[in-house]
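*Asks:* kindly generate the corresponding structure for this input.
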Amino acid sequence: MTDAARIERMLDADVDEVGAMEHAIFHQGADGAPLAIVTSRLRSDLAGPLMRGWVARAAGAGAGTRRLVGYLVALHAADEVHVLNVATLPEQRRAGIGGALVEGVLGYARDQRVRLLVLEVRTGNRDAIRLYRRVGFAAITVRRKYYASGEDAVEMHLELDPATGAVVAHADEVALD
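*Replies:* Okay, here's the model as predicted:
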């Protein structure tokens, strides 16, 4: 929970709004996937046994209100969680919503006795990299031309002690500066 939003597990009723947010943030332009495909793929993925999702609902949104300001989607397999997407509406950034979503998935990981969380982030997204480092992620490698735009990605890992849920500190393995 932040002053701007409360974090909840994603429901099927949230998928259309999350799909629209994902489409607007990540899939605009001539080479982007159409909204119907983005939403259909998200709904299909979340119906599977390995996908997990969380939403940030606008503070003050009453019952039945679907006003989402952010979301996080992850894949949980064995003792690992791979964070696939974290997004916040542009006008809601820097309000702690991304951090609250990441803390939500960390709480889930601790409850499930997960050993490793993995994610990729654009090398140019310094705000996200700072956020991930603040909670304990370390830069492991740079994946060249990872994104369709040709931009590189930083692969980051966060190790948890499955017995206690404590973050196991690791230094970056690659320099980002």
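
*Asks:* show me the strands in the protein, by range?
*Replies:* The residue ranges that make up the strands of the chain, judged by DSSP state E, are 5-9, 51-58, 68-77, 80-88, 116-122, 138-143, 153-160, 167-168.

*Asks:* the first one packs against which elements?
*Replies:* Here strand 5-9 is seen to pack against strand 51-58, helix 97-111 when contacts are counted using 3 or more Cβ pairs under 8 Å, 6 or more residues apart in numbering; DSSP states H and E. C-beta: built from backbone N, CA, C; applies to glycine.

*Asks:* turn the strands of the chain into JSON lines, including distance to G98 and mean neighbour count.
*Replies:* Formatted as JSON lines, the entries for the strands of the chain read as follows, by distance: least, Cβ to Cβ, whole Å; neighbours: other Cβ atoms under 10 Å:
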{"stretch": "strand 5-9", "distance to G98": "10", "mean neighbour count": "17"}
{"stretch": "strand 51-58", "distance to G98": "8", "mean neighbour count": "21"}
{"stretch": "strand 68-77", "distance to G98": "7", "mean neighbour count": "22"}
{"stretch": "strand 80-88", "distance to G98": "5", "mean neighbour count": "20"}
{"stretch": "strand 116-122", "distance to G98": "11", "mean neighbour count": "19"}
{"stretch": "strand 138-143", "distance to G98": "18", "mean neighbour count": "16"}
{"stretch": "strand 153-160", "distance to G98": "14", "mean neighbour count": "21"}
{"stretch": "strand 167-168", "distance to G98": "18", "mean neighbour count": "15"}
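
*Asks:* and the ones you listed: which comes nearest R110?
*Replies:* Shortest distance between R110 and these, using Cβ to Cβ, is found for strand 153-160: 6.5 Å.
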